[in-house]
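A.B. asks: Show me how the following folds:
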Amino acid sequence: MRIDIATLFPEAFAPLGVGVIGRAVESGLLEVNIVNIRDYTLDKHGKCDDTPFGGGAGMVMTPQPIHDAISALDPDHEALRIYMSPKGRTLCQSMVKELAARDRLLFLCGSYEGIDERVLELDIDCEISIGDYVLTGGELPAMVTVNAVARYVKGVLGSEQSTNEESFSDGLLEYPQYTRPREFMGKEVPAVLLSGDHAKIAAWRRAKQIEITSQRRPDLAEGR
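C.D. replies: Have a look, this model is predicted:
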């Protein structure tokens, strides 16, 4: 999978170079290309923002450098072009799987008060939000989305079972996990997990998923 990211702050994406995502990039399972929108501005002072027509607080990103950056990254419109925005559809696991099925994704990260609407009309396929709150820019939401999507790219996690049994994979939250030691500060590992009876373990885990989901996310439990 190839992922292009257009941003005014490419240095903000340093976390994508470490951990699971960093190893996926190094091994060639994932290609991440980060581009500075400012490199495409025709303004002699390097400006990429201006005051909004009609008045209002803050500055708005101008369309020319964004349009030219996207056109250079994806001249034939092969990628799904995504603008990270509080006005977009809220990211969920089913959407993550849809995005992971794509060969190419292009993320546009806005800053300041937003971007000129015309570039959304001309160059963007969809808008995605990571929650009902506002951040200072689209960089963190883009990283969250890339991280979630990359986990479904074949080979990134090493085991497909990792994504089959986690929270939201089947509409429920994940069951509790335990490892050594068997006893820690007076708390014991549940006996069923030490029994070796895989049917009982599976039943216990399922019951815990239902219990935890009902307690913490009754909205998900109602859906089932």
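A.B. asks: Which residues are in contact with M59?
C.D. replies: Applying C-beta atoms under 8 Å, 6 or more residues apart in numbering to M59 gives the contacts D49, D50, T51, P52, Y112, E113. No exception for glycine: its C-beta is placed from N, CA and C like everyone else's.
A.B. asks: Can you give me the distance of it to S111?
C.D. replies: 9 Å (C-beta to C-beta, to the nearest Å).
A.B. asks: Any buried residues in the helix or strand that contains V146, and which?
C.D. replies: V146 is part of helix 139-150, with elements assigned from DSSP states H and E. Counting neighbours by 16 or more other C-beta atoms under 10 Å, one finds that the buried residues in helix 139-150 are E139, L140, P141, A142, M143, T145, V146, A148, V149, A150.
A.B. asks: my read: the fourth one touches T7, true?
C.D. replies: Yes - the pair A142 and T7 passes the contact test of C-beta atoms under 8 Å, sitting 7.4 Å apart.
A.B. asks: what do the two both touch?
C.D. replies: Residues touching both A142 and T7 (C-beta under 8 Å, 6+ apart) are F13, C109.
A.B. asks: For this protein, which segments count as strands?
C.D. replies: With DSSP state E, the ranges of strands along the chain come out as 2-7, 31-36, 49-50, 60-61, 80-90, 104-109, 126-129, 183-184, 187-188.
A.B. asks: then the longest one to PDB, C-alphas only?
C.D. replies: If I follow you right, that is strand 80-90. As requested, the backbone C-alpha atoms of strand 80-90 are provided in PDB (Å, rounded to 0.1, in the frame of the first residue of the first chain):
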ATOM      1  CA  LEU A  80      -8.600   7.800  -2.500                       C
ATOM      2  CA  ARG A  81      -8.100  11.400  -1.500                       C
ATOM      3  CA  ILE A  82      -9.000  12.100   2.100                       C
ATOM      4  CA  TYR A  83      -9.300  15.400   4.000                       C
ATOM      5  CA  MET A  84      -9.000  15.000   7.800                       C
ATOM      6  CA  SER A  85     -11.800  17.200   9.100                       C
ATOM      7  CA  PRO A  86     -14.200  17.400  12.100                       C
ATOM      8  CA  LYS A  87     -17.000  17.600   9.500                       C
ATOM      9  CA  GLY A  88     -16.200  14.200   8.100                       C
ATOM     10  CA  ARG A  89     -17.600  10.700   8.800                       C
ATOM     11  CA  THR A  90     -16.300   9.400  12.100                       C
END
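A.B. asks: list the helices and strands that strand packs on?
C.D. replies: strand 104-109, strand 126-129, helix 139-150 (3 or more C-beta pairs under 8 Å, 6 or more residues apart in numbering; DSSP states H and E).
A.B. asks: got the buried residues for it?
C.D. replies: If you call a residue buried by 16+ other C-beta under 10 Å, then strand 80-90 has these buried ones: L80, R81, I82, Y83, M84, S85, P86, G88.
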